[in-house]
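show me the folded form of this:
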Amino acid sequence: MIIPQSTAVRILSTDIECIFREYFSAPEARYDSVLQISGVAVNYYGNDHAEIKQKIVFTLDTCAAIDGVKVVECETERALLSKWRIFLLKFDPDVLTGFYSNKFDLKYLIERAERLGLATFPYFGRELDEKVVIKPSAGRKPAVVEDVPGRMIIDMYDYIKEQYPNLSRYTLDAVSHHFLGDRKEHMNYFEIPGLQMGDEYTRQRLAKYCLKDSMLAYELFKKLQPLENILDQTAVPMECYGCEEQ
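Below you'll find the model as predicted:
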């Protein structure tokens, strides 16, 4: 399916970086702060035609400037999450994407906001009186953000694993190399605490790392065209997802 050229589908690709208390352990929203949130906001027309409207990074503490990127410095983690929510509502995406985003990034932001007492945070769908809910884990299935009212979620990890079952690895680095000939920014995860506690230039390095993950998820979206495939399968016109005529 080719999306009508008069219709821009607004895509927001998101990634987050968190602190962690112990080596060899995943961050836990009960204890571990969100340090940065990156976003790539796109007007998407399908058939490999898209326009990046903005690249943005919300960062806890100061961060040196990055060419072509809006850097939003936040004094507190509460401000970081609140400003990201305001940005999302203002851009008003039709589709939220990322890589493992519905099982980690979006879920972590909601859980962390609850821990910080940000009662309005999980209301970032199109219906502001409808809360974005985390579906609890069931058996081997992890907890997941399954629905954002009025917005479609397309997690590129889920899509690639379903559509390409014979790949040897499903990390963002591996699938980006396979489909795009590109890689993640080289960084050891254990470097993150030191980069955050350094200065504006070390946090800039972390911001570039975070943003590259959002960019890779978007480039995978553009290359593999999951939206077109989903619309073909469901025969639902894109207008039903809230897109506006340009």
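
contacting residues around residue 177?
Shown in contact with residue 177 (CB atoms under 8 Å, 6 or more residues apart in numbering): residue 183. C-beta here means a position set from N, CA and C on the backbone, and glycine is covered the same way.

ditto for the one 10 residues further on
The contact partners of residue 187, by CB under 8 Å, 6+ apart, come to 205-206, 209.

name the member of these with the most neighbours.
residue 206 (24 neighbours; other CB atoms under 10 Å).

please determine how far that residue is located from residue 59.
For residue 206, the distance to residue 59 (CB to CB, to the nearest Å) stands at 8 Å.

what's the overlap in contacts for those two?
Overlap between the contact sets of residue 206 and residue 59, as judged by CB under 8 Å, 6+ apart, is given by 35-36.

what are the ranges of the strands in the protein?
With strands called from DSSP state E, the chain shows them at 7-18, 34-46, 49-60, 70-74, 95-98, 133-135, 144-147, 152-155, 244-245.

could you identify which of the ones you listed is most buried?
strand 95-98 (a mean of 26; mean count of other CB atoms under 10 Å).

can you list the strands that that one pairs with?
Each strand pairing with strand 95-98, determined using DSSP bridges, is listed with its direction: strand 7-18 (parallel), strand 152-155 (parallel).

and the contacts of the last one?
In this case it means strand 152-155. Residues lying outside strand 152-155 but in contact with it, judged by CB under 8 Å, 6+ apart, are 94-103, 106, 145-147, 221, 226-227, 230, 241.

what do you get if the cut-off is 7 Å, keeping everything else the same?
Counting contacts by CB atoms under 7 Å, 6 or more residues apart in numbering, the residues outside strand 152-155 that touch it are 94-98, 100-102, 145, 221, 226-227, 241.

quick check: the two most widely separated of the residues you listed?
Pairwise distances among the contacts of strand 152-155 were taken by CB to CB; the largest, 22.4 Å, belongs to 100 and 241.

can I get the contacts of residue 187 in TSV including distance to residue 163 and pLDDT?
Conversion of the contacts of residue 187 to TSV gives the following (distance: CB to CB, whole Å; pLDDT from 0 to 100):
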residue	distance to residue 163	pLDDT
205	33	97
206	32	98
209	27	98
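
hey, which helix is longest across the chain?
The single longest helix within the chain, with elements called by DSSP state H, is helix 200-224.

could you list the buried residues of it?
Residues 202-222, 224 are the ones in helix 200-224 that count as buried (16 or more other CB atoms under 10 Å).

same check on stretch 97-116?
Of all the residues in stretch 97-116, those buried under the rule 16+ other CB under 10 Å are 97-113, 116.

so what pairs up with residue 56 in the strands?
On DSSP bridges, the residues paired with residue 56 through beta bridges are residue 39, residue 70.

now do it, the pLDDT please.
Looking at residue 56, its pLDDT is 98.

what ranges in this protein fall below the confidence cut-off?
Scanning the chain for pLDDT under 70 picks out 1-6, 22-24, 234-246.

do you know how far the nearest residue to residue 126 once chain neighbours are set aside is from residue 104?
With CB to CB, 6 or more residues apart in numbering as the criterion, residue 126 has its nearest non-adjacent residue at 2.6 Å, and that residue is residue 150. Between residue 150 and residue 104 the distance is 22 Å, computed by CB to CB.
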